[in-house]
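Asks: Pasting the sequence and the predicted model now:
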Amino acid sequence: MTALARYALSLALLLGTLPAGAAGVDYLSFATDDEANSTEIFSKASPSVVFVTNSALRRDFFSLNVQEIPQGAGTGFVWDDSGLIVTNFHVIAGAQKLTVTLQDRSEHNAEVIGLAPEKDLAVLRITDPPDNLVTLPLGDSSELTVGRKVLAIGNPFGLDTTLTTGIVSALGREIQAPNDRRIRGVIQTDAAINPGNSGGPLLNSLGQLIGVNTAIYSPSGASAGIGFAIPVNTVKEVVPQLISYGRILRPTIGVELASDRWVARYGIKGLPVVQVYPGMPAEKAGMAGAYRGRRGEVVLGDIITEIGGQPVRSNSDYYDALENLSPGDTVTIRSRRGDETRSFEVTVIESQ
């Protein structure tokens, strides 16, 4: 159809002078290719998107009746047809009751299956899932490039099943997780993401899941054109562990570490080991934790400065370094103990 014909049709629709017999025309055929693509993706993907309500139970002081107090709401999406739902950890954190509303407006109680605050991901399971649950095809976030079209579906401000579109603005961003860890490799997009969008899917132009919307950067708290999503390749790695074990399995060396706040307060360069657990790899390698001196003062043991060649200045640095290892791997850990620089060969094990 020519541009002139499109204009004539639009004018006829506006003035109500469409010729008789034209009522059955499929007006989608007159949309641009991009509009048709967005409409098709939304139509196929929106049945997978759910509304997650986080509630707390409170007993009334006077009547002693238990009341349900809404604490927040967000978005999630169907992971598989058994009723598993993926959302953000911060959407359901602290919940005493979780309710998932499907697109057909049916409400289902949900239980927590697994939590990963360090990745801001959570997996829920709804009770009595219907037989017609729709899942999303999984994409590959490693194939993303800046400028690619993306679509976000969510429930901003409680307005259910809202579509926004944009592009990939940047890749490899870092954001802070709810437990103050760093989440690396995050997707930045200008698709509008507002409160309530958290936990919803970010899709590519093929309708594939390429991220989980998780945060916005905005002084006002509303969309300012800078949104972030956990890449789907991270989701594909984390979710199966949450389903099987309820948490992410991380390699460990068996130590308790000082908090970042404590390290910053005393201006320590490195990460002090507070305690070394008996029988664990760190103890076997000869590492030492803090102890009390003769006058009751705290004497620091090993202060970790490097793991596998990566500098360690915070708990995030420590966990990021271990994240690249598998149980059974041996890694070189460098530390400072008093005025001495030490080096340890430590074989990591699977956390229990």
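Replies: Nice, I can see it. Because the structure is a prediction, the values reported are computed rather than measured. Numbers count the residues shown, from 1 in each chain.
Asks: residue ranges of the strands in the stretch 151-300 of the chain, please?
Replies: Here the stretch 151-300 of the chain has its strands, by DSSP state E, counting those that start in this stretch, at 162-176, 182-189, 201-203, 209-216, 227-231, 251-252, 255-257, 271-276, 291-292, 298-299.
Asks: right, and those - which one's nearest Thr87?
Replies: strand 209-216 (8.0 Å; Cβ to Cβ). For every residue, glycine as well, the C-beta is placed using N, CA and C.
Asks: Give me the angle between that closest one and strand 162-176.
Replies: Here the directions of strand 209-216 and strand 162-176 differ by 70 degrees (axes from the mean of the first three to the mean of the last three Cα atoms, to 10 degrees).
Asks: Summarise which helices and strands strand 209-216 is packed against.
Replies: Applying 3 or more Cβ pairs under 8 Å, 6 or more residues apart in numbering; DSSP states H and E, one finds that strand 209-216 contacts strand 149-154, strand 182-189, strand 201-203, strand 227-231, helix 232-245.
Asks: deepest of the ones you listed, which one?
Replies: strand 201-203 (a mean of 30; mean count of other Cβ atoms under 10 Å).
Asks: where in the protein is pLDDT low?
Replies: Within the chain, the segments meeting pLDDT under 70 span 1-31, 56-71, 156-159, 216-224, 352.
Asks: quick check: domain ranges of it?
Replies: Using automatic domain parsing, the domain ranges for the chain come out as 3-45, 47-126, 141-245, 251-350.
Asks: measure the last one end to end?
Replies: Distance between the two ends of domain 251-350: 5 Å, counting by Cα to Cα, to the nearest Å.
Asks: what does the third one give?
Replies: Domain 141-245 has an end-to-end distance of 25 Å (Cα to Cα).
Asks: Next, report how far that domain is displaced from the centre of its chain.
Replies: 8 Å (Cα atoms, centre = their mean, to the nearest Å).
Asks: Check the second one too.
Replies: The gap between the average C-alpha position of domain 47-126 and the chain average comes to 15 Å, counting by Cα atoms, centre = their mean.
Asks: Compare the domains of the chain and give me the one nearest Thr135.
Replies: Closest to Thr135 of the domains of the chain, according to Cβ to Cβ: domain 47-126, at 5.3 Å.
Asks: mind putting the domains of the chain in CSV, distance to Thr135 included?
Replies: Conversion of these to CSV gives the following (distance: least, Cβ to Cβ, whole Å):
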stretch, distance to Thr135
domain 3-45, 10
domain 47-126, 5
domain 141-245, 9
domain 251-350, 28
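Asks: now the nearest residue to Asn197 once chain neighbours are set aside: how far from Glu35?
Replies: Among residues not flanking Asn197 along the chain, Gly154 sits closest, at 3.4 Å (Cβ to Cβ, 6 or more residues apart in numbering). To Glu35, Gly154 is 20 Å away according to Cβ to Cβ, to the nearest Å.
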